[in-house]
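Asks: sharing a sequence plus its predicted fold:
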Amino acid sequence: MGNLTNAPRGTQDILPVSSYKWRYIERVAAEEAKAFGYREIRTPVFEHTELFVRSVGDGTDVVQKEMYTFDDRGGRSVTLKPEGTAGVVRALLEHGCFNDPMPLKAFYITPCFRYEKPQAGRFREFHQFGVEAFGSSSPLIDAETIALAQAILTRLGVPDIHLEINSIGCPECRSGYRKELRAYFEGRKDRLCETCLSRLDKNPMRILDCKNPDCAEIAKDAPKITDYLCEDCRKHFESVRLALDALGISYAVNPSIVRGLDYYTRTVFEFITTSLGSQSAVCAGGRYDGLVEELGGPSVPALGFGMGLERLLLLMEKTNCVFEEEPPCDIYFGSMGEAPAGVAAKLTAKLRTDFGVYAECDLMGRSVKAQMKYANKIGARFSAIIGENELEQKKVSIKNMVSGETKEMSLDKDFTEHLADFMAYEQLYNSCEDMEKMFQMTSQGEQLERP
Ligand code: ATP
Ligand code: MG
C-alpha cells in the first residue's frame with residue numbers, strides 16, 4: 001500500500017492551503033518579466049534525449065548522473081527536462097523565431113527533473129522560473145537580465161541574498177586555460193574522484209564544479225579563468241560590471257563560479273544565500289553565445305537565468321517574507337430547509353456568473369450553526385441565511401462578518417445586483433478608510449517634522 005499513499009522520493013505536493021504562495025511568487029516573477037519585455041513560452045516536459053546531451057553537455061553531472069531518461073513505447077529515447085533553456089532554443093529554432101526582431105525575450109515557469117539525492121532545497125522534481133534573451137551580445141543586456149532577477153527578489157522582499165558574477169570567456173580563451181587546468185589537475189590526479197579523472201582529458205573545467213569535497217579542495221587553488229580571458233572577453237566583462245554599477249546593483253566577482261552546464265560562455269552569475277545550507281544558489285544563469293549554433297541554428301548570442309522556486313519559497317518562509325494571499329470569499333449563503341437551500345444555490349450561481357462575485361453556499365447539508373462556523377473558517381466577508389421566513393417576507397439580512405453590522409435587503413428580482421453593488425461599495429469604503437488613516441498618519445508625521 002505504501003506506494004499508493006506516498007509520492008515518489010524527491011517530489012513534493014503543493015496543497016490547496018499553500019498554493020497561494022506559489023501563485024504569488026509566479027505572479028510577481030511574471031509581472032516583473034513582462035515589465036522587462038518578456039513574454040511567456042511553454043515547451044514540452046520531455047524532449048529527445050539528444051537535445052540535452054548536446055546542449056547541457058555529456059560531461060556534466062546533469063547528463064551523466066541526473067537525467068530521467070527512458071525509451072518510450074516506440075523505442076525512442078526521451079528525457080524529462082532537467083533544465084529549461086534547451087527546450088526553448090529548440091522550440092524557437094523549430095518555429096523560425098530567430099528571424100523575428102531582436103532581442104527576443106521569453107520567460108517560463110516549468111517543472112524540471114533531476115535524479116539527485118533529495119535534501120532540503122534539492123528535489124527530483126523542482127520548478128524553475130526562467131528567462132532567455134536572444135540576439136544581443138551587448139553587456140547592457142547582461143546587466144538588464146541580472147536586474148530582472150534582482151527586481152523579482154526585491155519585490156518579493158527576500159533579504160539575505162547576494163549576487164556573485166564571473167566570466168568564463170569564450171572557446172578561444174578557454175582552450176589556453178584548459179591546458180593550464182589540465183596540467184594543474186594532472187599533478188594532483190591521485191586525489192581526484194573517478195568521475196573527475198574521466199573529465200581530465202575532455203573537459204577539466206567540469207572538475208571545478210564537482211561536489212566531492214576532495215575535488216572541491218583541490219579546485220580551490222586551481223588557475224582562475226579570469227586570468228586567461230582574451231581581450232574581447234575581458235572588455236565585455238568589464239563593461240558588464242560598469243553597467244551593473246550604473247544600475248546600482250551590487251555584486252562580488254567570484255572567479256570560481258563556472259556553472260554546471262556546458263553551454264555557458266562569458267558572463268555567469270548566481271544569487272546566493274547563506275540561509276539554506278549548501279543549497280545556496282537561488283538563481284543562476286549566464287550567457288550561452290554558442291548554443292543556438294550548436295543546435296543547428298544561426299549564430300545568435302543569448303543569455304538567461306533559472307530561479308529555483310522551491311529554494312526561493314524555502315528562503316522566503318525562513319526569513320518571514322509576506323506572501324500575498326488570494327482574496328477571501330465575498331459572501332456565504334447559509335440556508336435552512338430544502339426550498340431555501342435551492343434559492344441560496346440559485347443566488348450563489350447568479351452572483352458568480354453575472355457579477356464575478358466569489359460566493360459559496362452550503363453543500364454539506366449542515367446545521368446553520370455549522371454553516372456559519374464554516375463561513376468563518378473560509379474568511380467570508382459577508383454572510384446571509386435564507387430560511388422559510390426570509391422567503392415569505394422577501395427580505396434577507398446581510399451580515400458583515402468583520403464588524404458584525406447587518407443590512408436588510410429586499411429579496412426581489414434585483415437582489416443580486418444590489419448585493420453585488422453593496423459589497424463592492426463596502427470594500428471601496430473600507431479601503432478609503434484605510435487610506436484616510438494612512439494620510440492622517442503621514443500628515444501628522446509631516447507636522448512633527450515641521451516645527
Ligand atoms: P546546484 O549547484 O545547487 O546543484 P545547479 O548549478 O545544478 O545548482 P542550475 O542548473 O543552474 O543549478 O539550475 C538553476 C537553479 O535551479 C538553481 O540555482 C537552483 O535554485 C535550482 N535547482 C537546481 N537543481 C535543483 C534541485 N535538484 N532541486 C531544487 N532546485 C534546484
Ligand atoms: Mg546541480
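Replies: Nice, I can see it. Ligands and ions are numbered 1, 2, ... in the order given.
Asks: residue of the chain nearest ligand 1, please.
Replies: G308 (2.2 Å; Cβ to the nearest ligand atom). For glycine as for every other residue, the C-beta is placed from the backbone atoms N, C-alpha and C.
Asks: who in this protein is up against ligand 1?
Replies: Contacts of the chain with ligand 1, taken as Cβ under 6 Å from any ligand atom, map to 83, 114, 116, 121-123, 126, 128, 260-261, 279, 281-284, 306, 308, 310-311.
Asks: rewinding a little: give me the number of residues near the residue of the chain closest to ligand 1?
Replies: For G308, the count of nearby residues is 24 (other Cβ atoms under 10 Å).
Asks: who's it bridged to?
Replies: Beta-bridge pairing for G308 (DSSP bridges): Q128.
Asks: thought V282 was touching it, still the case?
Replies: Yes - contact criterion Cβ atoms under 8 Å: G308 and V282 qualify, at 6.1 Å.
Asks: how about the contacts made by the spatially most central residue of the chain?
Replies: Most central in the chain under Cα atoms, centre = their mean is F129, positioned 3.7 Å from the mean C-alpha point. Going by Cβ atoms under 8 Å, 6 or more residues apart in numbering, F129 touches 25-26, 29-30, 107-109, 152, 306-307, 309.
Asks: so for stretch 335-346, mean pLDDT?
Replies: Mean pLDDT, computed over stretch 335-346, is 97.
Asks: can you give me the buried ones in it?
Replies: 335-336, 340-341, 343-345 (16 or more other Cβ atoms under 10 Å).
Asks: again, but for stretch 76-88
Replies: Within stretch 76-88, the residues scored as buried using 16+ other Cβ under 10 Å are 78-88.
Asks: okay if I get those as TSV plus pLDDT and secondary structure?
Replies: Converted to TSV, the buried residues of stretch 76-88 look like this (pLDDT from 0 to 100; DSSP: H, G, I helix; E, B strand; the rest coil):
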residue	pLDDT	secondary structure
V78	98	strand
T79	98	strand
L80	98	strand
K81	98	coil
P82	98	coil
E83	97	coil
G84	98	coil
T85	97	helix
A86	97	helix
G87	98	helix
V88	98	helix
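Asks: reformat the residues you listed as JSON lines; add distance to K318.
Replies: Putting the buried residues of stretch 76-88 into JSON lines (distance: Cβ to Cβ, whole Å) gives the following:
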{"residue": "V78", "distance to K318": "36"}
{"residue": "T79", "distance to K318": "33"}
{"residue": "L80", "distance to K318": "29"}
{"residue": "K81", "distance to K318": "28"}
{"residue": "P82", "distance to K318": "26"}
{"residue": "E83", "distance to K318": "25"}
{"residue": "G84", "distance to K318": "25"}
{"residue": "T85", "distance to K318": "28"}
{"residue": "A86", "distance to K318": "31"}
{"residue": "G87", "distance to K318": "31"}
{"residue": "V88", "distance to K318": "31"}
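Asks: which element, helix or strand, includes S175?
Replies: Here S175, judged by DSSP states H and E, is contained in helix 171-186.
Asks: what packs against that helix?
Replies: helix 194-202 (3 or more Cβ pairs under 8 Å, 6 or more residues apart in numbering; DSSP states H and E).
Asks: tell me which residues of the helix it packs on are tucked away?
Replies: Neighbour counts over helix 194-202 (16+ other Cβ under 10 Å) mark 195-196, 199-200 as buried.
Asks: contacting residues around R73?
Replies: Counting by Cβ under 8 Å, 6+ apart, R73 has no contacts.
Asks: residues making contact with stretch 88-105?
Replies: Applying Cβ under 8 Å, 6+ apart, the contact partners of stretch 88-105 are 36-39, 41, 43, 47, 51, 55, 106, 108, 130-136, 141, 291-292, 295-298, 300, 302, 304.
Asks: how about that stretch as CSV, C-alpha atoms only?
Replies: Extracted C-alpha coordinates of stretch 88-105, given in CSV (Å, rounded to 0.1, in the frame of the first residue of the first chain):
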residue,chain,number,x,y,z
VAL,A,88,13.3,26.9,-25.5
VAL,A,89,16.1,27.1,-28.0
ARG,A,90,14.8,24.0,-29.8
ALA,A,91,11.3,25.5,-30.0
LEU,A,92,12.5,28.9,-31.3
LEU,A,93,14.6,27.1,-33.9
GLU,A,94,11.8,24.8,-35.0
HIS,A,95,9.4,27.7,-35.5
GLY,A,96,11.9,30.0,-37.2
CYS,A,97,11.7,32.6,-34.4
PHE,A,98,15.3,33.7,-34.9
ASN,A,99,14.1,35.6,-37.9
ASP,A,100,11.9,37.8,-35.6
PRO,A,101,13.0,41.2,-34.5
MET,A,102,15.8,41.0,-31.8
PRO,A,103,16.2,41.0,-28.9
LEU,A,104,13.8,38.1,-28.5
LYS,A,105,12.8,37.6,-24.9
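Asks: which residues in the stretch 101-250 of the chain form strands?
Replies: Listed in chain order, the strands of the stretch 101-250 of the chain (DSSP state E, counting those that start in this stretch) span 104-113, 125-134, 161-167.
Asks: please state the offset of the second one from the chain centre?
Replies: To tie it back to what came earlier, the one meant is strand 125-134. Relative to its parent chain, strand 125-134 has a centroid offset of 8 Å by Cα atoms, centre = their mean, to the nearest Å.
Asks: now the last one
Replies: Offset of strand 161-167 from its chain centre (Cα atoms, centre = their mean): 19 Å.
Asks: can you tell me the strand partners of it and which way each runs?
Replies: Next to strand 161-167 in the sheet, as set by DSSP bridges, lie strand 252-253 (parallel), strand 265-273 (antiparallel).
Asks: ranking those strands by burial, who's on top?
Replies: Each of the strands paired with strand 161-167 was scored by mean neighbour count; the highest is strand 265-273, a mean of 24, by mean count of other Cβ atoms under 10 Å.
Asks: could I get the average pLDDT for that strand?
Replies: Averaging the model's pLDDT scores along strand 265-273 yields 96.
Asks: hey, what's the angle from it to helix 171-186? Just curious.
Replies: Strand 265-273 runs at 60 degrees relative to helix 171-186, counting by axes from the mean of the first three to the mean of the last three Cα atoms, to 10 degrees.
Asks: quick one: low-confidence ranges for the stretch 201-350 of the chain?
Replies: Within the stretch 201-350 of the chain, the set of residues satisfying pLDDT under 70 is empty.
Asks: if we go to 80?
Replies: Where the stretch 201-350 of the chain drops to pLDDT under 80, the residues are 260-261.
Asks: let me see the ranges of the helices in it.
Replies: Ranges of helices within the stretch 201-350 of the chain are 213-220, 231-246, 291-294, 309-318, 338-355, based on DSSP state H, counting those that start in this stretch.
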